[in-house]
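Chemist: using only what follows, build the 3D model:
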Amino acid sequence: MLQLIDITKVYKGGKRAVDSMTMNLGPGMLGLLGPNGAGKSSLMRIVSTVTKPTSGQVRYQGSDVVAKPDLLRRELGYLPQDFGVYPNLTSREFLSYLAAAKGLSARSARARIDELIQLVNLTEAVKRPLGTYSGGMLRRVGIAQALLADPKVIVVDEPTAGLDPEERVRFRNLLGDLAADRVVMLSTHIVSDVESVASDIAVVAQGRLLRRGAPDELLREIDGQVWEVMVAPADVPTVQARHVVSRMVRTANGVRLRLLAAAPPSPDATRVSPDLEDAYLGVIHRSAERIPTGQAVRR
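Modeler: Sure thing, here's the model as predicted:
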């Protein structure tokens with residue numbers, strides 16, 4: 001349904017935010033994982049027709065989206081990382097305004113807005129102006145506006161920023177349900193946002209696609225290379241200099257480290273099952289060592 005073909009974005013000054021990225025996406029959720037500054041937001045803005053690529057193509061249903069953006073915009077729901085509102089409007093007024101801009105009829109808009117306000121848990125605050133909302137509440141309004149027109153393509157950039165743990169779970173489950181019959185792209189640097197709902201993971205850094213695969217594939221690649229070891233607090237910097245440390249827990253007996261290593265890092269190290277955060281860090285670390293600048297990995 002959605003194709004990204006050799007997408008490159010270079011900003012003024014020569015900064016290459018997206019570097020020759022190619023992906024084909026069908027129904028399901030793609031979790032786009034990468035550190036801050038990896039180029040995720042630039043890619044999301046290109047997919048959402050907010051900005052044009054310096055080179056490359058975005059195609060939706062076989063049509064060139066760069067040349068004819070309305071083809072995708074009619075079926076797109078987009079939540080950017082920085083989402084602005086009109087502070088004097090209530091959430092219902094704001095969503096009604098956006099529904100009209102999207103071409104929804106007044107009757108269908110009212111029904112849809114009622115449904116979404118309940119879905120994102122804003123019923124009690126619906127009459128308050130948006131200027132009085134917390135950051136997490138505004139994020140929920142952003143989620144609601146992205147779903148207004150029942151889109152076939154949903155693009156959400158760092159969607160759980162500002163949400164409490166219960167709201168994050170609710171939103172992840174909602175996107176997981178929606179992904180059954182539509183394209184969902186979710187970018188984040190928080191692995192837990194995608195590990196339970198994404199059927200497809202793409203790891204990006206420095207504007208490049210480093211690895212793409214199903215979560216199980218990524219976990220198999222690092223199986224047998226994740227360890228836990230107890231060390232003295234004074235020894236933590238030495239271990240961090242030698243290994244990728246994914247977790248650190250201070251206890252009464254020392255510091256328990258979870259780390260990546262091809263062989264046991266010490267005689268008393270215990271091998272543990274990998275999780276997606278381990279796999280993600282493994283991809284980032286291997287790519288930093290092996291992939292020259294400017295080279296892209298595609299699937």
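
Chemist: after the one helix or strand Val155 maps to comes which helix or strand?
Modeler: Here Val155 sits within strand 153-157, counting by DSSP states H and E. Downstream of strand 153-157, the first helix or strand assigned by DSSP H and E is helix 165-178.

Chemist: which element is Gly77 on?
Modeler: Gly77 belongs to strand 76-79, assigned by DSSP H and E.

Chemist: could I get the phi/psi values of Met21?
Modeler: phi -100, psi 130 (degrees, to the nearest 10).

Chemist: can you pull the contacts of the closest residue to it other than its chain neighbours?
Modeler: Leaving aside its chain neighbours, Met21 sits nearest to Ile7 (4.6 Å; criterion: C-beta to C-beta, 6 or more residues apart in numbering). Where you see a C-beta, it was placed from the backbone N, CA and C, and this is true even at glycine. Ile7 makes contact with Val18, Ser20, Met21, Thr22, Leu43, Ile46, Pro53, Ser55, Gly56, Gln57, Val58, according to C-beta atoms under 8 Å, 6 or more residues apart in numbering.

Chemist: the first one contacts Leu209, correct?
Modeler: So that's Val18. No: using C-beta atoms under 8 Å, Val18 makes no contact with Leu209, being 9.3 Å away.

Chemist: looking at the two, which has the bigger crowd around it?
Modeler: Val18 (29 against 26; other C-beta atoms under 10 Å).

Chemist: now the angle from the strand holding Val155 to helix 165-178?
Modeler: Strand 153-157 and helix 165-178 are oriented at 150 degrees to each other (axes from the mean of the first three to the mean of the last three C-alpha atoms, to 10 degrees).

Chemist: who touches strand 153-157?
Modeler: Contacts of strand 153-157 (C-beta under 8 Å, 6+ apart): 1-2, 40-41, 44, 47-48, 60, 72, 75-81, 143, 146-147, 175, 178, 182-187.

Chemist: and if we set it to 7 Å?
Modeler: Defining contact as C-beta atoms under 7 Å, 6 or more residues apart in numbering, one finds that strand 153-157 is touched by 2, 40-41, 44, 47-48, 72, 75-81, 146, 178, 182-187.

Chemist: report the central residue of this protein.
Modeler: Taking C-alpha atoms, centre = their mean as the criterion, Ser187 is the residue nearest the geometric centre of the chain, at 1.6 Å.

Chemist: now what about the host helix or strand of it, what contacts it?
Modeler: Here Ser187 sits within strand 183-188, counting by DSSP H and E. By C-beta under 7 Å, 6+ apart, the residues outside strand 183-188 that reach it are 1-2, 25-27, 29-33, 40-41, 44, 47, 152-159, 175, 178, 193-194, 198.

Chemist: can you select the buried ones from the residues you listed in ChimeraX?
Modeler: Only the buried entries of the contacts of strand 183-188 go into this ChimeraX selection, using 16 or more other C-beta atoms under 10 Å:
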select :2,25,27,29,30,31,32,33,40,41,44,47,152,153,154,155,156,157,158,159,175,178,193,194,198
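
Chemist: wait, a helix at Phe83?
Modeler: No: counting by DSSP: H, G, I helix; E, B strand; the rest coil, Phe83 is located in no helix; its state is coil.

Chemist: dump the residue contacts of it.
Modeler: Phe83 neighbours (C-beta under 7 Å, 6+ apart): Leu138, Gly142.

Chemist: the same query, at a cut-off of 10 Å, please.
Modeler: By C-beta atoms under 10 Å, 6 or more residues apart in numbering, Phe83 lies in contact with Leu138, Arg139, Val141, Gly142, Ile143, Gln145, Ala146, Asp157, Pro159, Ala161.

Chemist: for the residue nearest to the centre of the chain, list each beta-bridge partner.
Modeler: Assessed by DSSP bridges, Ser187 has beta-bridge partners Leu32, Asp157.

Chemist: that's all I had, so thanks and see you.
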